[in-house]
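In: requesting a structural model of the entry that follows:
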Amino acid sequence: MHIEYDQENDTAYVCLVAHIADGAAVRQVAVEAPGGEADLTLDFDKSGRLLGIEVIGARAALPAELLSREAPRA
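Out: Numbers count the residues shown, from 1 in each chain. Predicted structure coming up:
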């Protein structure tokens, strides 16, 4: 799992697999976080496995220590 955080736009992507190939996320499900302060988009592959989660309003939905982590380098 790794997280990419865009502080300027307060968006994060939580990737649950090592790599998501282009076109692998074939189904997206939008969810409003409790309290309405963040929106989540769940990305699934064709087998229904959850690949990642986009978080808009990340500061409201994710722990600060998670957002402050240095992103791993490829």
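In: could you check the pLDDT of the most far-flung residue of the chain relative to its centre?
Out: Centroid-distance maximum for the chain: residue 47 at 19.0 Å, with Cα atoms, centre = their mean. pLDDT recorded at residue 47 is 94.
In: sec struct for it, please.
Out: Of the three states, residue 47 takes coil under DSSP: H, G, I helix; E, B strand; the rest coil.
In: separation between it and residue 4?
Out: Residue 47 sits 24 Å away from residue 4, taking Cβ to Cβ, to the nearest Å as the criterion. For the C-beta atoms, the positions are set from N, CA and C on the backbone; glycine is no exception.
In: where's the residue farthest from the centre of the chain relative to residue 25, distance?
Out: Distance, residue 47 to residue 25, by Cβ to Cβ: 12 Å.
In: equivalent analysis for residue 46, please.
Out: For residue 46, the distance to residue 25 - Cβ to Cβ - is 9 Å.
In: also residue 36?
Out: Counting by Cβ to Cβ, the gap from residue 36 to residue 25 is 25 Å.
In: counting neighbours, go ahead and name the busier of these two.
Out: A side-by-side neighbour count of residue 36 and residue 25, using other Cβ atoms under 10 Å, places residue 25 first with 18 against 9.
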